[in-house]
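Asks: Build the 3D model from these lines:
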Amino acid sequence: MRIPASIPTLLLLVFGSAPALAQQVTTTDALSLRSTMVELMNPLAAGPVGEAISLATALEVTTAPIGSSSGGFVFKLDPATGLQVRTASTFGPSFAERVLTTGAGKMSVGASLSVATYDKLGAIPLSQMQLSSIKASSPVISRTGNGSLVLSSETMVMTAMIGATDKLDVGVAVPMVKVKIDALSWVLRGDDVVALRAAGGGIASGLGDIAIITKYRFLRLGKGQPDPGGLAFMLTSRLPTGSRENFRGLGINRTLGSVLFSAGKGKLRPHANGGFEWWEKGVFVPVGVLSTSTVEVRHQIQYAAGAEFEAAPKLTLLVDVLGRHIRGGGRIDRVNYSVPANIFGVDTLESMTVTTHGIRKVSLAPGLKWNVRGSFVLALNARIPINDNSLHDKFTPVVGLDWTF
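Replies: All right, here's what the predicted structure looks like:
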């Protein structure tokens, strides 16, 4: 990428003023988490990297799996006895979806808690981010902008599903999200002298993007019990109820349409899902040195595949592979900019910036579900990234409790 000759002048003015600024202390209060990130990161990079990291944070928190809407117990009326009977001996997946519906007149409520402490932005550790660097023949001109970020989130999702008919479930998922950041940024002169230093952080908690869920089963693979599985369609609408400024929402309506498959009559029951999430409009982030252009992030592809295994009458072992592909852009990389005619003695300029490459996330989700008492089911799971080119946690524990009545 090339930049106009006027840009190195701007950068050198900003970086060159750092020794004087180091003697001053400026405090800014009452900022949102996004504004805090921008204030700390943007002055140290050649582009609006604060907006890019903020977008990566919002996308990770708000598009992470909210947990399965399927209850642990699935019932069906037995016409021979007139009693409600269980249609599967396993308790269902934790993040993917199975075809089985709750049962007419039955209701399932649950809650799950996931706690993530983010480690990396793609391959870049959050604790060692080189936001930008200017390499020059003179150490007076050479600069590096660095950042260290401690970022975590806690998401409590409360769900309720009711069987409108034996084939149709409707429900809602309400996430409560808490996000915390502590950030430090600093500029080093060529001789490793700290020329500028800034620190900040904050905690924000509240409602996330609410999901309205509808699942309709349209195909059964066979007859008899246990249920042999089949195909279903699921529609999940996410409402813009969460704050984008504090990374709890995206500020847009999103609708995910998915096709569900599950099968098996024995102890092992496989399942698979695939869907496309439509966004009513794109989410934009500025890109480049002058911030005159933007990258539009819009729409998402989601998929999952896995299996449930009945290890004991009250214990189900689970494993899922979960995938998300956010389209249009959003991936953050280090970019080398060509400086025209070695202006002001600057040889190279490198900076982190958002790109037009999409975000890809693939994770492994092992876990178990245990019928602790009656129709209460305890779920213990984890999400472990296999391939993730954006913000992620190396290990995210998730605990949940489900009750069907």
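
Asks: hey, let's count contacts and neighbours off CA atoms from now on
Replies: OK.

Asks: how close does Asp119 get to Gly251?
Replies: 26 Å (CA to CA, to the nearest Å).

Asks: who has more neighbours, these two?
Replies: Asp119 (20 against 17; other CA atoms under 10 Å).

Asks: Can you pull the phi/psi pair for the nearest residue to that one once chain neighbours are set aside?
Replies: Leaving aside its chain neighbours, Asp119 sits nearest to Asp393 (5.2 Å; criterion: CA to CA, 6 or more residues apart in numbering). Backbone dihedrals for Asp393, given as degrees, to the nearest 10, come out at phi -110, psi 140.

Asks: which residues touch Asp393?
Replies: Going by CA atoms under 8 Å, 6 or more residues apart in numbering, Asp393 touches Ala116, Thr117, Tyr118, Asp119, Lys120, Ile384, Pro385.

Asks: Filter those down to just the buried residues.
Replies: For the contacts of Asp393, a neighbour count by 16 or more other CA atoms under 10 Å gives the buried set as Ala116, Thr117, Tyr118, Asp119, Lys120, Ile384, Pro385.

Asks: Turn the residues you listed into TSV, columns for pLDDT, distance to Met158 and secondary structure.
Replies: Formatted as TSV, the buried ones among the contacts of Asp393 follow (pLDDT from 0 to 100; distance: CA to CA, whole Å; DSSP: H, G, I helix; E, B strand; the rest coil):
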residue	pLDDT	distance to Met158	secondary structure
Ala116	97	18	strand
Thr117	97	21	strand
Tyr118	97	23	coil
Asp119	95	27	coil
Lys120	95	28	strand
Ile384	97	23	strand
Pro385	97	24	strand
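
Asks: Now render these as CSV, adding distance to Gln302.
Replies: Output for these, formatted as CSV (distance: CA to CA, whole Å):
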residue, distance to Gln302
Ala116, 20
Thr117, 23
Tyr118, 21
Asp119, 23
Lys120, 22
Ile384, 17
Pro385, 15
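
Asks: which residues touch the longest helix seen in the chain?
Replies: Assignment by DSSP state H gives helix 49-63 as the longest helix of the chain. For helix 49-63, the external contacting residues (CA under 8 Å, 6+ apart) are 34, 37-42, 131, 153, 208-209, 244, 247-250, 285-286, 330-332, 352-354, 390-392.

Asks: Can you read off the backbone torsions of Arg244?
Replies: phi -70, psi -30.

Asks: how much space between it and Ser32?
Replies: Using CA to CA, Arg244 is found at 10 Å from Ser32.

Asks: Comparing those two, which residue is more hemmed in?
Replies: Ranked by neighbour count (other CA under 10 Å), Arg244 and Ser32 place Arg244 first, with 22 against 18.

Asks: hmm, back to that, of the buried ones among the contacts of Asp393, just say which sits nearest to Ala365.
Replies: Distance to Ala365, by CA to CA, is smallest for Ile384 among the buried ones among the contacts of Asp393, at 6.3 Å.

Asks: Neighbours of Leu322, how many?
Replies: 25.

Asks: now swap in Leu221 and tell me
Replies: 12.

Asks: Next, the contact list for it, please.
Replies: When the contact criterion is CA under 8 Å, 6+ apart, the partners of Leu221 are Pro228, Gly229, Gly230, Ala263.

Asks: what does Ser375 give?
Replies: So Ser375 contacts Gly72, Phe73, Trp403, Thr404, Phe405 (CA under 8 Å, 6+ apart).
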